[in-house]
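K.L.:
Okay, sequence plus prediction incoming.
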Amino acid sequence: AVDPADVLSRDFDMLRTGSAATWMHLLSGPESRSSTEAGLGEAGVASLVYERRRPFHPARLEAFVRDGAETVTRSGGFFWLASQPRTMMLWSQAGSLLQVQPMGEWTADGDDANRASADEDASGVFGDRRQELALMGPDLDAGSLAEQLDACLLTDEEMELGFDAWSQWPDPFSQEA
């Protein structure tokens with residue numbers, strides 16, 4: 001057991017904390033190459049590396065964040081949101097605080113030099129767009145969590161609508177929202 005005094009008496013070091021972000025290590029390691037990878041790390045904290053090649057529906061993702069992510073205590077990565085199809089979005093969450101913000105364009109939408117430098121993952125109709133999130137929590141059920149996130153993805157019918165239609169959907173993650 002951890003004595004609360006040991007944790008609460010420590011000074012917070014943003015530089016040390018940011019450089020030690022477990023979610024970044026999960027995404028950069030070999031386990032990030034599978035579409036759904038689960039593991040049990042130190043102190044019984046489970047993790048899930050979630051990768052998919054479909055965008056999230058903004059309303060369904062908002063509902064997941066609001067109601068379905070209670071076992072996730074730390075997560076991060078980047079994601080593809082249908083309502084902002086040309087923008088790579090950053091996801092950073094600790095406890096009940098979630099930060100979502102634009103990171104820039106997907107390589108597929110950049111200039112010729114950027115497109116030429118894309119890695120082998122940037123193939124197909126949608127280029128390098130994808131979900132790449134690492135999620136952690138002590139009571140995390142990786143299979144259930146992956147199913148909940150999958151339910152936030154666009155359906156086949158919604159995929160057929162394309163960028164122009166997706167961009168018209170209400171977006172709770174928009175900077176203007």
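P.N.:
Here it is on my side, so go on. A quick note: this is a predicted structure, and the numbers were derived from the prediction, not measured. Numbers count the residues shown, from 1 in each chain.
K.L.:
which residues in the chain form helices?
P.N.:
4-8, 14-19, 22-28, 58-63, 112-116, 142-150, 156-166 (DSSP state H).
K.L.:
where among those is the average confidence lowest?
P.N.:
Looking at the helices of the chain, the lowest mean pLDDT belongs to helix 14-19 (a mean of 46).
K.L.:
Could you pull up the residues touching residue 44?
P.N.:
Residues in contact with residue 44 (C-beta atoms under 8 Å, 6 or more residues apart in numbering) are residue 138. The C-beta positions use only the backbone N, C-alpha and C, and glycine is treated the same way.
K.L.:
how far away is it from residue 134?
P.N.:
Counting by C-beta to C-beta, to the nearest Å, the separation of residue 44 from residue 134 is 17 Å.
K.L.:
isn't residue 98 right next to residue 62, touching?
P.N.:
No - between residue 98 and residue 62 there is no contact under C-beta atoms under 8 Å: 10.5 Å.
K.L.:
for this protein, what helix or strand is lowest in average pLDDT?
P.N.:
Across the helices and strands of the chain, mean pLDDT, DSSP states H and E gives its lowest value to helix 14-19, namely a mean of 46.
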